[in-house]
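Colleague: here is my input; please provide its structure:
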Amino acid sequence: MPVEVRLPTLLRPAAGGAPSATVDGSTVGEVLHSLEAVHPGLAGQVLTDDGSLHRFVNVYLNDDDVRYLDRLDTAVASGDVLSILPAVAGGAQ
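Modeller: Prediction:
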């Protein structure tokens, strides 16, 4: 199933500068692995060596954080949008 993956500015150089990519998969994990197959420069920036999401990466399926769904096992449908966002921490007190 084709899913649009929106990439943050930080990851775009590894995808040839593209702001998004359309790849196939039936789960979030499959989509991310397909993305890495198309853009090998993304390997290691989204998933850890053991295949889990990096702590500093947030992934949203449409408007839902996949951490509160089934994580990488979350089912996706054709036309869904997966957004990868770097985690933001810190700030002024």
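
Colleague: now do the contacts for the residue most central in space within the chain.
Modeller: What sits nearest the mean C-alpha location of the chain, by CA atoms, centre = their mean, is Ile84, with 4.2 Å. Listed by CB atoms under 8 Å, 6 or more residues apart in numbering, the contact set of Ile84 reads Val5, Arg6, Leu7, Pro8, Leu11, Val46, Val57, Asn58, Val59. All C-beta atoms are positioned from the backbone trio N, CA, C, and that covers glycine.

Colleague: A strand includes the first one, no?
Modeller: In this case it means Val5. Yes. Checked against DSSP: H, G, I helix; E, B strand; the rest coil, Val5 lies within a strand.

Colleague: for it, what are its contacts?
Modeller: Contact analysis of Val5 by CB under 8 Å, 6+ apart lists Ser20, Ala21, Thr22, Val23, Val31, Leu32, Leu35, Val81, Leu82, Ser83, Ile84.

Colleague: for it, give its distance to Ala87.
Modeller: In this structure, Val5 lies at 17 Å from Ala87, with CB to CB, to the nearest Å as the measure.

Colleague: show me where this protein has helices.
Modeller: Here the chain has its helices, by DSSP state H, at 28-38.

Colleague: point out where it drops to low pLDDT.
Modeller: In the predicted model of the chain, residues 89-93 satisfy pLDDT under 70.

Colleague: quick one: the strands in it, in order.
Modeller: Remark: strands assigned in the chain by DSSP state E are 2-6, 20-24, 57-61, 64-65, 81-86.

Colleague: need the ones you listed in a markdown table (columns: distance to Pro40).
Modeller: A markdown table is the format used below for the strands of the chain (distance: least, CB to CB, whole Å):
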| stretch | distance to Pro40 |
| --- | --- |
| strand 2-6 | 15 |
| strand 20-24 | 13 |
| strand 57-61 | 17 |
| strand 64-65 | 27 |
| strand 81-86 | 16 |
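
Colleague: so which of those strands gets nearest Arg71?
Modeller: With distances scored as CB to CB, the stretch of the strands of the chain nearest to Arg71 is strand 57-61 (8.7 Å).

Colleague: quick one, that closest one and strand 81-86 angle?
Modeller: Our comparison of strand 57-61 with strand 81-86, counting by axes from the mean of the first three to the mean of the last three CA atoms, to 10 degrees, yields an angle of 160 degrees.
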